[in-house]
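*Asks:* Requesting a structural model of the entry that follows:
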Amino acid sequence: MNWGIHFYSERVRNDVDAWPVGIHADFLRLIGLMEQHGADLRLPHSRAMGEGLFELRCKGAEGIGRAFYCTVVGRNIVIVHSLIKKTQETPAADLRLARKRVKEVRREKGTS
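*Replies:* Down below sits the predicted model:
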């Protein structure tokens, strides 16, 4: 059974779709792997960020993108936030927003 990929909101989907073509292509490749095999990707493709948050590490000739996601009941993966990296470290505000959305998604779906 395949996994479902969902977006927190239409805005999150549009932000990812607006990524430069090379980074977006890598995102689509990694999402394809997750649809088939689940969220159990490891470095260098994915990394656990704690508190149920994971980052999908997308690369292209144009730079680096990050899509933050969580898993919920029923083999579903929810992309909660995304960004194109401009610095070495992920901005704290982006991590706070992603963690807040994970809590919202899990509360809505009845998971902890």
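
*Asks:* How confident is the prediction for Ser112, by pLDDT?
*Replies:* Confidence at Ser112, expressed as pLDDT, is 48.

*Asks:* Sorry, wrong one. I was asking about Glu51.
*Replies:* 89.

*Asks:* ditto for Leu97
*Replies:* At Leu97, pLDDT is 97.

*Asks:* and it, what does it touch?
*Replies:* Contact partners of Leu97, counting by C-beta atoms under 8 Å, 6 or more residues apart in numbering, are His81. Glycine gets a C-beta too; all of them are placed from N, C-alpha and C.

*Asks:* how far away is it from Ala48?
*Replies:* 18 Å (C-beta to C-beta, to the nearest Å).

*Asks:* Quick one: end-to-end distance for stretch 32-51.
*Replies:* End-to-end distance of stretch 32-51: 24 Å, with C-alpha to C-alpha, to the nearest Å as the criterion.

*Asks:* Need the contact partners of it.
*Replies:* With contact meaning C-beta under 8 Å, 6+ apart, stretch 32-51 is reached by 2-5, 30, 54-57, 68-69, 71, 75, 77, 95, 98-99, 102.

*Asks:* let's see it at 10 Å
*Replies:* Applying C-beta atoms under 10 Å, 6 or more residues apart in numbering, the external contacts of stretch 32-51 come out as 1-5, 26, 29-30, 53-59, 66-71, 75-77, 90, 95, 98-99, 102-103, 106.

*Asks:* Would you mind giving me the PyMOL syntax to select the buried ones in those residues?
*Replies:* The buried residues among these can be selected in PyMOL (16 or more other C-beta atoms under 10 Å) with this line:
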select buried, resi 3+26+30+53+54+55+56+57+58+59+66+67+68+69+70+71+76+77+95+98+99+102+106
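
*Asks:* mind listing the helices for this protein?
*Replies:* Along the chain, counting by DSSP state H, helices occupy 10-17, 21-37, 92-109.

*Asks:* which parts of the second one are buried?
*Replies:* Within helix 21-37, the residues scored as buried using 16+ other C-beta under 10 Å are Ile23, His24, Asp26, Phe27, Leu30, Ile31, Leu33, Met34.
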